[in-house]
Each structure stands twice: as C-alpha cells, then as structure tokens.
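K.L.:
3D model of this:
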Amino acid sequence: MQSGERDSATGAEDWLTLVDEQDRRTGRAAKGHCHDGEGLLHRAFSVLLFNPAGELLLQQRAAAKRLWGGYWSNSCCSHPRDGEAIADAAERRVREELGLSVSLSYVYKFHYHARFGQAGAEHELCSVFVGCSQDSPAPDPDEVSAVRYIRADALGQELQDVPGHFTPWFREEWQRLQSEHSVLLRSLTRA
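P.N.:
Predicted structure coming up:
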C-alpha cells in the first residue's frame with residue numbers, strides 16, 4: 001500500500017507477489033506496475049498497533065504518496081517482497097516506517113479493490129495483523145505525515161462523520177474487526 005518502497009541495498013523498485021483470490025502465487029511484478037490502471041492482484045498486509053491504554057495508532061500517509069496521500073489509515077500497511085514471508089515483511093515495515101520493534105499476530109485476510117482517480121488502484125489480498133507497543137513511534141517522514149492515538153469509540157464516530165478522510169482498506173478492515181473479531185478487538189482496546 002506504499003508507492004515508494006525500494007530495496008534498501010540496491011535502490012531498485014521492489015518486486016511484489018501476484019496472486020489469485022485463493023492466495024496462490026501467479027507471478028511477480030514491479031511494485032509501480034501493480035498499482036497502474038485497475039491494478040494487479042497482489043499480496044499486501046495491514047497492521048493495527050495499540051498502546052497500553054487500548055488506543056489505536058493511526059498514521060496519516062505522506063502527502064507525496066501516489067495513492068491516498070494525506071489520508072488517515074491503519075498503523076502501517078505495505079507489501080511483502082516477492083519471496084518474503086508476510087509476517088516478516090509486516091514486522092520489517094513497522095520498524096522502517098514507525099521505528100518500532102513489535103511482535104504481531106495474524107487475524108484474517110481480505111480481498112479488496114479501490115481506484116484512486118487516474119493515479120492508479122489498490123487491488124490486494126491483504127493480511128491483517130495486530131500488535132501492542134508501549135514505545136513512542138518515530139515515523140519516517142517519507143512514508144508518514146503524522147501519527148495519533150485514538151480510542152475505538154472516537155474512531156467509530158470519526159469514521160461515521162468523515163469517512164472520506166480515511167483510506168478505503170482501513171474503513172473496510174476496521175468494520176470487519178468490529179463485526180467478526182469483536183472479542184479480540186475488545187481485548188486490545190480494553191472496551
């Protein structure tokens with residue numbers, strides 16, 4: 001879900017894993033190409049991090065992002081590199097984007113497709129992870145404009161009042177966490 005990632009060793013654009021709707025690998029493609037036009041279905045992940053008070057860490061995507069720059073979203077989202085285990089990729093990107101080392105737990109996977117005008121589209125099979133951290137994030141400004149913590153009830157109200165301020169994948173995954181994983185969500189938010 002990030003548009004600027006490059007391999008830190010070579011500077012080359014990352015190659016992503018193309019999949020079918022059953023998460024079977026069908027090939028690979030350069031990251032930018034995966035988001036052109038209507039997008040190619042590829043693996044992605046989304047991380048939701050909570051603090052000890054049960055508040056969710058939100059990030060505002062950097063304004064220069066190709067897709068949904070300036071929108072509020074989940075704590076961290078991205079893609080595994082082709083051949084990289086998705087859980088390893090999620091922990092790597094949390095370190096790179098937020099400066100946090102956390103253990104994550106897999107919750108569920110969902111398929112979504114969203115177009116962002118003429119800039120391109122997200123077409124992803126997205127694995128959702130949760131984690132907890134008491135440390136303060138140190139966001140990478142190339143990836144993240146701002147961060148904030150929010151209580152679940154306040155987030156629900158914001159999502160209802162101004163849904164267009166949030167990325168489409170975050171709105172969908174938060175709704176699904178509430179409806180299908182409410183026990184887990186209550187344990188994380190202390191609600």
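K.L.:
contacts for stretch 84-94?
P.N.:
2, 43, 45, 47, 49, 75-81, 100-104, 106, 127, 129, 131 (CB atoms under 8 Å, 6 or more residues apart in numbering). Backbone N, C-alpha and C define where each C-beta goes, glycine included.
K.L.:
can you tell me how far the residue nearest the centre of the chain is from residue 186?
P.N.:
Residue closest to the mean C-alpha point of the chain, counted by CA atoms, centre = their mean, is residue 77 at 2.1 Å. Residue 77 sits 23 Å away from residue 186, going by CB to CB, to the nearest Å.
K.L.:
what of residue 99?
P.N.:
For residue 99 relative to residue 186 (CB to CB), the value is 28 Å.
K.L.:
ok, back up a step: check contacts around the residue nearest to the centre of the chain.
P.N.:
1, 2, 44, 45, 46, 47, 93, 126, 167, 169, 170.
K.L.:
part of a strand, is residue 186?
P.N.:
No - under DSSP: H, G, I helix; E, B strand; the rest coil, residue 186 sits outside any strand and is assigned helix.
K.L.:
low-confidence bits of this structure, can you list those?
P.N.:
With pLDDT under 70 as the threshold, the chain has low-confidence stretches at 1-12, 191.
K.L.:
show me where it has its strands.
P.N.:
Using DSSP state E, the strands of the chain run over residues 15-19, 25-30, 42-50, 56-61, 72-73, 76-78, 105-116, 120-132, 144-150.
K.L.:
quick check: which of those strands is buried the most?
P.N.:
Mean neighbour counts were taken over the strands of the chain using mean count of other CB atoms under 10 Å, and the top value, a mean of 27, falls to strand 76-78.
K.L.:
that one pairs with which strands, and in what direction?
P.N.:
Here strand 76-78 has these sheet partners by DSSP bridges: strand 42-50 (antiparallel).
K.L.:
pull the strand it pairs with out as PDB, backbone CA atoms only.
P.N.:
Coordinates of the C-alpha atoms in strand 42-50 are reproduced here as PDB (Å, rounded to 0.1, in the frame of the first residue of the first chain):
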ATOM      1  CA  HIS A  42      -1.000  -8.900  -5.200                       C
ATOM      2  CA  ARG A  43      -0.200  -9.700  -1.600                       C
ATOM      3  CA  ALA A  44      -0.300  -6.900   1.000                       C
ATOM      4  CA  PHE A  45      -0.600  -6.500   4.700                       C
ATOM      5  CA  SER A  46      -2.100  -4.100   7.200                       C
ATOM      6  CA  VAL A  47      -1.000  -3.600  10.800                       C
ATOM      7  CA  LEU A  48      -3.000  -2.200  13.700                       C
ATOM      8  CA  LEU A  49      -0.900  -1.300  16.700                       C
ATOM      9  CA  PHE A  50      -2.400  -0.500  20.100                       C
END
